[in-house]
Every structure is written in structure tokens, then in C-alpha cells.
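Novice: Coordinates for the following, if possible.
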Amino acid sequence: MHNILGFRQYLKSENSYKDLEKIITERDSFFPTRDGFVTIVAMCGDDPSAFIKQKKLDEKVVIYPFAAWEENAQKVAGVYKKSKKELQKVQLIHYSNNPEGLTYPLELLVEIAKLLDFKNLAVSDSDFQMPYKELRRAYDFHIAISDSADEALITYPRRKIRALDFDKYPINRLAMEDLENMYIYMLSDLNTIAQKADFQSGLSITNSAAHYHLDFTNVGSWIGNLHMAIQVIHNKGRLENNFIVETNVQNESTINFDVQCAKIDQLYKYYLIPLSNICLLASDHPERYLMPDWTADKTKDEIKNTIDQILEMYLNRKKA
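Specialist: Numbers count the residues shown, from 1 in each chain. Predicted coordinates:
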């Protein structure tokens, strides 16, 4: 087996339990081990053991209760390497009883891919914003274009529709994604800006050459995906982003405005670029930095008002 399909999951809500069941019961239809895939779920929150027993899924999974080592993703990866068994079953790594953000499970899966010398790693959110069949299509595309073992490759599929959970959101969430993506633009090159990749589709796929450029030391708990893209680009890696995928409507998300603000705080702490600078650039040059799915029918003033609202809410939260 050469490829990992990794999910990161916060197991807590009713929907998250449904997602876990879907990962397990539908896996063989799309990512069977005979095709070279191992499925690993890096999860925090509830211990899945009782649920697995209740649903009579024991024969389909191996559970690794590693919460005792939660403080260090590299340590957990090392323990998994020594403990792994029955890779034909879905691997459930329960690394923490508490939510740990998005960076920890990404680092954990990258470290496992390194230690076990896997060729490719896909890391997906477990909410199935992308259906299973789209995850497989994107992975097959990535494998097909990975021509050289020496060239770092990172694939970010492009959502046909950025189908996000908007109902509970106080701001334009598409605009917020675009502003976060600008940190990657500011720290990369003109070619990356021109590509306008969909960096936050909930799915990234990397090859082994990319993994050895990735270091998450002191990276904030929410910005691992953005940091990963910056590191691969800095090391002259290849960015692929023109593969279009269908999406499901996202009815639930662990990302709320407080989390978005925490991401901005962490980006500033790590890269020393204030959100005000990002907003100014976005307002002055929306055609260069922002996606057309929300800007195409808006005037420049309307776009600026949307961005100003985000900045004002962020600054008010900082004062509170």
C-alpha cells in the first residue's frame, strides 16, 4: 500500500458520528486496500469505542487510544508506527479528548506518511463537503500527475461551488477565506497569485517529496494548511489547483468567526503581516486577490464595504 487517505475529525456532534460511520461503511466502495490505499482517521473529542461497538463495526476498524501522548503529534506518530496492525481496516487514532484545532491532525498524518514511507497523503475534513467519489477522483488525478519522486507536489482541488455553512456566520465567509489565502500570496510568488488556488477546499494531497519540506514547529493550531502551502511553494514545489470537484452543502462546521479571528492572530504572530494590510490590498485590487464567485456582481465599493466589515469585527473582537 502506497497512499494514505487521512481524515481529521472532531468527534462530538450527532453529524460527526454520522460522518464517522460513513467513513467506515463506504470506504471499501471508493478506497479499497487492493488499490493501494490505507484510511486513517485522526480524531479528537469523544472516544469512538462505544459507538463502534454499538454500530457493530468492530471488524472494520482498529482503534488506537493514544490520548496519553496528545501533546506531541510526532510522538503519537512514532507510537502508531510501532503499534500499527491490520492496515486493511480503517485506522482510528484517538489522539486527544479535547479539540486541538486543524494543525495537529495534519502534522500527525504527515509524520505517519514520513515514518511509513508512503508515496502520497490526502488529508480531508471529515464533513464530506466533497463526496467520497470526488475524493477518489481528486486522488487519482494527483497520482497521475506525480511524475517525479524528487519534485514536491501539492494538489488543492478547486470546488465548483464553495458550498459552506453560511447560516450561523456573521460575515461573508467566502471573503474571509480569500483574505486568509492572501497570506499565502504575500509569502510566495506572482505565479501563485495568478493561480488563485482554492487553498481551503477541505482537501489537500501531497507526495513524499513535499512531506520532507514540512515542519510545523511553533505553527498555530489553526493555520497548518496555509503554512503547508507556503512551505511547499518556498521549496520550489509544484502547486496543482485546476482539478474541479463537486461539493455537498455543508450544514455544520467547526470553523466559526472566533476561530477565523484566532487564525488571523496566529498568522500575524508567525508571519508579522497585519490583517489591515491584507484588507487594504484586497480592497485596492479585488480582481487580483479575490475569487469571482462572490465579487463578480459587486462594485468595488461594495467589495470594500464587505472587507471593511470583516476588519471592523476583527478589531472589535480584539478590544473586547
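Novice: only C-alpha atoms for contact and neighbour calcs from this point on.
Specialist: Will do.
Novice: where do the helices sit along the stretch 101-250 of the chain?
Specialist: Applying DSSP state H, counting those that start in this stretch to the stretch 101-250 of the chain gives helices spanning 103-115, 132-145, 173-186, 190-195, 208-211, 224-234.
Novice: per-domain residue ranges of this structure.
Specialist: Using automatic domain parsing, the domain parsing of the chain gives 1-125, 129-320.
Novice: Could you export those domains as TSV, including mean neighbour count?
Specialist: As requested, the domains of the chain are exported to TSV (neighbours: other Cα atoms under 10 Å):
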stretch	mean neighbour count
domain 1-125	18
domain 129-320	17
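Novice: Any regions of this protein where pLDDT drops low?
Specialist: Applying pLDDT under 70 to the chain flags residues 163-168, 250-254.
Novice: What is the longest helix of it by residue count?
Specialist: If you go by DSSP state H, the chain has its longest helix at helix 300-319.
Novice: quick one, that one and helix 173-186 angle?
Specialist: 80 degrees (axes from the mean of the first three to the mean of the last three Cα atoms, to 10 degrees).
Novice: Can you spell out which helices and strands pack onto helix 300-319?
Specialist: If contacts are counted by 3 or more Cα pairs under 8 Å, 6 or more residues apart in numbering; DSSP states H and E, helix 300-319 sits against helix 173-186, helix 275-284.
Novice: got the angle between that helix and helix 275-284?
Specialist: 170 degrees.
Novice: Put together TSV for the helices and strands packed on helix 300-319, with distance to residue 123 on each row.
Specialist: Output for the helices and strands packed on helix 300-319, formatted as TSV (distance: least, Cα to Cα, whole Å):
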stretch	distance to residue 123
helix 173-186	18
helix 275-284	27
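Novice: Does residue 10 touch residue 44 like I think?
Specialist: Yes: in this structure residue 10 lies within contact range of residue 44 using Cα atoms under 8 Å: 5.1 Å.
Novice: Give me the common contacts of these two.
Specialist: Residues touching both residue 10 and residue 44 by Cα atoms under 8 Å, 6 or more residues apart in numbering: residue 99.
Novice: How about the contacts made by the most centrally placed residue in the chain?
Specialist: Residue closest to the mean C-alpha point of the chain, counted by Cα atoms, centre = their mean, is residue 202 at 4.5 Å. With contact set as Cα under 8 Å, 6+ apart, residue 202 has these partners: 123, 124, 125, 129.
Novice: Which of the helices or strands spans residue 42?
Specialist: Using DSSP states H and E, residue 42 falls within strand 37-45.
Novice: cool, and residue 7?
Specialist: Counting by DSSP H and E, residue 7 is found in strand 3-11.
Novice: Give the other helices and strands that that strand contacts.
Specialist: Packing partners of strand 3-11 (3+ Cα pairs under 8 Å, 6+ apart): helix 14-30, strand 37-45, helix 103-115, strand 120-125.
Novice: Swap in 6 Å and give it another go.
Specialist: Packing contacts for strand 3-11, counted by 3 or more Cα pairs under 6 Å, 6 or more residues apart in numbering; DSSP states H and E, involve strand 37-45, strand 120-125.
Novice: Any idea which of those gets closest to residue 221?
Specialist: Set against residue 221 and scored by Cα to Cα, these come closest in strand 37-45, at 13.3 Å.
Novice: Quick check: neighbours of that closest one in the sheet, parallel or antiparallel?
Specialist: Applying DSSP bridges, strand 37-45 is found paired with strand 3-11 (parallel), strand 90-96 (parallel).
Novice: now the angle from that strand to helix 103-115?
Specialist: Using the same axes, to 10 degrees: strand 37-45 against helix 103-115 is 150 degrees.
Novice: re the thing from before, which residues are in contact with the longest helix of the chain?
Specialist: Helix 300-319 has contacts (Cα atoms under 6 Å, 6 or more residues apart in numbering) with residue 283.
Novice: Same question for stretch 81-97.
Specialist: With Cα under 6 Å, 6+ apart, stretch 81-97 has contacts from 33, 39-45, 60-67, 70.
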